[in-house]
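Undergrad: Need coordinates for the following:
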Amino acid sequence: MTIRTILLAGVAAAVLPAAASADTVLRFGHVGAPGSLFEASANSFAECVNANVDGVEVQTFGSSQLGKDQEMLQKLKLNQIAFSLPSSVMSSVAPEFGIFEMPYIIKDREHMKRVQAEMGDTFEAAAEREGYKIIGYFENGFRHITNNTRPINQPEDLAGIKLRTPNGEWRVKMFQLYGANPTPMAFSDVFNALQTNAIDGQENPYAQIASAKFQEVQDYLSITGHVYTPAYVTTSINQWNSWPAEVQQGLSDCAASSQDFVYSHAAQLEVDLLDEIKAAGVTVNEADKDAFITASQPIYDEFSATVDGGSEMIEQIKGLSSGS
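TA: This is a model prediction of the structure:
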């Protein structure tokens with residue numbers, strides 16, 4: 001069935017003459033640069049919707065064209081865009097998302113799938129409480145540290161390093177605990193800050209590091225894998241409720257079917273992009289993950305003590321790590 005409602009970002013809902021007919025255009029914004037996992041993920045979702053959901057067209061806009069993460073979350077509520085792909089920033093939206101800020105809590109993608117299956121309702125309810133609707137889970141990935149000061153092998157090697165982090169209290173607390181000087185900053189501002197030495201380093205998955213060309217302005221990459229960050233295909237509750245049931249179903253189906261592509265593509269990028277970063281002349285080392293895990297216990301303790309149900313969430317996720 002062709003839908004006779006047009007959703008145009010930046011414009012309040014318009015009343016069209018009865019004779020007018022147009023497809024529904026849904027704008028999907030994200031912060032990923034060309035070649036990033038975010039770009040591939042959003043495009044996969046858009047291709048599925050455009051091929052399978054009658055009367056709906058998803059248009060994707062990367063590189064923060066539609067705003068930075070916080071701005072896009074606000075634009076969702078204002079009906080100015082239809083979708084965004086937030087990741088770490090969700091820990092600032094609702095405390096439950098801070099669980100994914102706990103170092104080394106997610107072991108691999110199969111573990112994440114089990115967490116989604118068993119605990120997805122918890123995160124979706126938390127988002128809905130704040131006016132958002134999560135319709136699918138993609139990924140940002142396993143994060144590693146780059147900088148221009150020294151290789152990072154143990155947490156104490158971060159002492160005094162001015163390190164960009166996303167906006168989220170737990171990431172800041174984690175790197176303060178490790179001895180760094182964490183500096184929250186929008187992703188779109190990071191390259192210039194590194195290039196001008198306003199910051200010493202940053203932490204991101206390979207897909208974000210390589211697509212943003214951080215290897216051109218960083219000397220060291222330390223493989224820490226300290227946090228796995230999901231990404232959430234997100235709209236607003238108000239927009240979601242305004243779409244017909246068959247559109248909702250089609251969007252949900254495409255988000256679910258795109259996840260397999262996202263995970264498989266992300267795994268391949270981890271191999272290809274590490275080689276690309278090395279080829280740029282960046283010095284690469286494997287960090288002592290056991291030392292980081294030991295140093296991280298106070299973050300777990302604080303999350304358990306300050307987030308309602310935090311201790312139970314930690315134990316549930318840990319219990320899902322083996323698949324039993």
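Undergrad: pLDDT of stretch 186-194, averaged?
TA: Averaged across stretch 186-194, pLDDT comes to 97.
Undergrad: Just the endpoints, please. Distance across that stretch?
TA: Length of stretch 186-194, first residue to last, C-alpha to C-alpha, to the nearest Å: 13 Å.
Undergrad: Buried ones in stretch 307-314, by neighbour count?
TA: 307, 310, 313-314 (16 or more other C-beta atoms under 10 Å). In this view, the C-beta of every residue, glycine as well, is placed from N, C-alpha and C.
Undergrad: for stretch 267-277, same thing?
TA: Buried, per 16+ other C-beta under 10 Å, within stretch 267-277: 269, 273-274, 277.
Undergrad: With respect to Gly201, which of the residues you listed is nearest?
TA: Ile277 (13.7 Å; C-beta to C-beta).
Undergrad: Could you dump the buried residues of stretch 267-277 into JSON lines with distance to Ser63 added?
TA: Output for the buried residues of stretch 267-277, formatted as JSON lines (distance: C-beta to C-beta, whole Å):
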{"residue": "Leu269", "distance to Ser63": "18"}
{"residue": "Leu273", "distance to Ser63": "18"}
{"residue": "Leu274", "distance to Ser63": "23"}
{"residue": "Ile277", "distance to Ser63": "20"}
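Undergrad: among those, which are in strands?
TA: In strands, defined here by DSSP state E, there are no members of those.
Undergrad: For those residues, give me CSV that also has pLDDT.
TA: Shown next, in CSV, are the buried residues of stretch 267-277 (pLDDT from 0 to 100):
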residue, pLDDT
Leu269, 95
Leu273, 96
Leu274, 97
Ile277, 97
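Undergrad: Which one of these is nearest to Val172?
TA: Of the buried residues of stretch 267-277, the one sitting nearest to Val172 (C-beta to C-beta) turns out to be Ile277, at 25.3 Å.
Undergrad: can you pull the contacts of that closest one?
TA: 206, 209-210, 215, 221, 284 (C-beta atoms under 8 Å, 6 or more residues apart in numbering).
Undergrad: Which ones among those residues lie within helices?
TA: Mapping the contacts of Ile277 onto helices (DSSP state H) picks out 206, 209-210.
Undergrad: PyMOL command for the buried members of these?
TA: Selection of buried members from those for PyMOL, criterion 16+ other C-beta under 10 Å:
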select buried, resi 206+209+210
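Undergrad: Could I get the full set of strands for the stretch 101-250 of the chain?
TA: Along the stretch 101-250 of the chain, the stretches classed as strands by DSSP state E, counting those that start in this stretch are 132-142, 144-147, 162-165, 181-184, 201-204, 220-223, 228-236.
Undergrad: For Lys173, find the nearest of these.
TA: strand 181-184 (8.3 Å).
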